[in-house]
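[1] Provided below are the primary sequence and the corresponding predicted coordinates.
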Amino acid sequence: MGAPGSGKGTQAQRLEKQFGIPQISTGDILRKHLAEGTPLGLRAKEIMAAGGYVDDETMLAIIRERLSQADAAQGFILDGFPRTVAQAEGLTKLLAELGTPLDAVVLFEVNNEQLVKRVSGRRTCEFCKKVFNVNFAPASGECVPGRTEHSLMQRPDDQEDTFKERLRKYEEDTRKPVSHYYAYTGLMRTVDAEGAIDEVTQRLLGTLKAGGGAVAPVAARAAKQKRAPQRRAKPAARKAARRPVRKAAKKTAPKRRAPASGKKRKATRKVKRKSAARARPARARRKSKR
Ligand code: AMP
């Protein structure tokens with residue numbers, strides 16, 4: 001689960017490679033229908049262009065059909081599904097039927113400002129389908145055989161107005177209600193999905209490893225492989241790190257008063273004399289008056 005542009009597709013593709021299980025992206029499935037001009041594609045076209053959701057029944061039918069394929073028998077990563085509570089309920093029933101319960105539900109969190117930057121710069125090569133970002137990850141690497149350059153296109157639903165609607169829809173129908181649906185299952189993991197792609201992958205693997213379920217041992221191995229070797233600090237540095245830190249005394253210069261003006265100085269002296277007189281015993285004061 002994650003807002004458009006939160007990087008769930010990118011991370012799902014990485015998990016796909018590491019775990020050897022397919023990434024099932026409902027957005028990709030719908031885009032394929034759209035490109036092939038199937039009746040579903042034609043129906044979904046307008047909904048997707050407006051930033052809406054395709055109906056739950058259709059989405060559940062798509063998932064049921066996809067999970068029945070042989071490559072999903074060892075496991076799968078659902079990307080962009082479920083997006084509504086009805087889809088989540090349908091998925092629970094379907095997985096119970098198939099005898100393959102979920103191991104984890106991951107929520108990707110990215111602030112809205114970052115999402116706008118990511119989505120406005122996102123481009124896909126129309127030939128090799130690789131995804132780049134003009135702001136963070138410009139086109140590189142090989143395209144399909146016979147092509148020397150990528151041909152970058154912007155997804156129509158990544159344009160500002162549609163993107164805003166997708167974000168609104170995500171907040172309303174997905175983020176809160178669906179994470180609430182899974183909150184009591186103990187499967188929810190929230191990942192801070194800001195920062196470099198590699199960092200997010202490490203956080204994701206870390207959180208999968210920490211959780212229970214069948215995915216934990218595989219994720220633990222994958223995270224160990226990826227982790228960069230950590231240098232041990234020198235003995236002196238280690239000792240210093242153990243020493244308690246004492247707060248340094250504040251070294252602020254004593255405040256100086258601005259010199260008083262002549263009139264003010266006289267007034268101050270008068271007040272001082274009066275208060276000194278009041279401090280003297282009454283008898284002494286009478287004597288001095290005489
Ligand atoms: P995505 O590539 O995941 O951002 O999906 C692109 C668009 O496909 C979404 O904005 C929706 O219009 C549609 N879509 C994808 N997955 C679903 C889903 N699970 N339920 C409803 N609509 C979906």
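    Alright, I've got the coordinates. Since the model is a prediction, treat every value here as computed from it, not as a measurement.
[2] point out where the chain drops to low pLDDT.
    Applying pLDDT under 70 to the chain flags residues 212-216, 218-290.
[3] find the closest residue to the ligand in the stretch 101-250 of the chain.
    The stretch 101-250 of the chain approaches the ligand most closely through Arg166 (5.0 Å), counting by C-beta to the nearest ligand atom. Every residue, glycine included, has its C-beta placed from N, CA and C.
[4] list the contacts for that residue?
    Taking C-beta atoms under 8 Å, 6 or more residues apart in numbering, we find Arg166 in contact with Ala3, Pro4, Gly51, Asp157.
[5] Serialize these to TSV and add fields for secondary structure and distance to the ligand.
    Formatted as TSV, the contacts of Arg166 follow (DSSP: H, G, I helix; E, B strand; the rest coil; distance: C-beta to the nearest ligand atom, whole Å):
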residue	secondary structure	distance to the ligand
Ala3	coil	9
Pro4	coil	5
Gly51	coil	6
Asp157	helix	6
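[6] most neighbours of all those residues, which one?
    Within the contacts of Arg166, most neighbours by other C-beta atoms under 10 Å means Ala3, with 26 neighbours.
[7] I'd say that one and Glu172 touch.
    No: Ala3 sits out of contact with Glu172 when judged by C-beta atoms under 8 Å, with a separation of 11.8 Å.
[8] buried residues in the one helix or strand the residue of the stretch 101-250 of the chain closest to the ligand maps to?
    Arg166 is located in helix 160-169, with elements delineated by DSSP states H and E. Buried residues in helix 160-169, counted by 16 or more other C-beta atoms under 10 Å: Thr162, Phe163, Arg166, Leu167, Lys169.
[9] could you identify the helix or strand that succeeds that helix?
    Next helix or strand after helix 160-169 toward the C-terminus (DSSP H and E): helix 176-183.
[10] what does that following helix rub up against?
    Residues outside helix 176-183 that contact it (C-beta under 8 Å, 6+ apart) are Met1, Pro82, Arg83, Thr84, Val85, Gln87, Ala88, Glu89, Val105, Leu107, Met188.
[11] please identify the buried residues of the helix or strand just after it?
    Once helix 176-183 ends, the next helix or strand along the chain (criterion: DSSP H and E) is strand 188-192. Neighbour-count burial for strand 188-192, counted by 16+ other C-beta under 10 Å, picks out Met188, Arg189, Val191.
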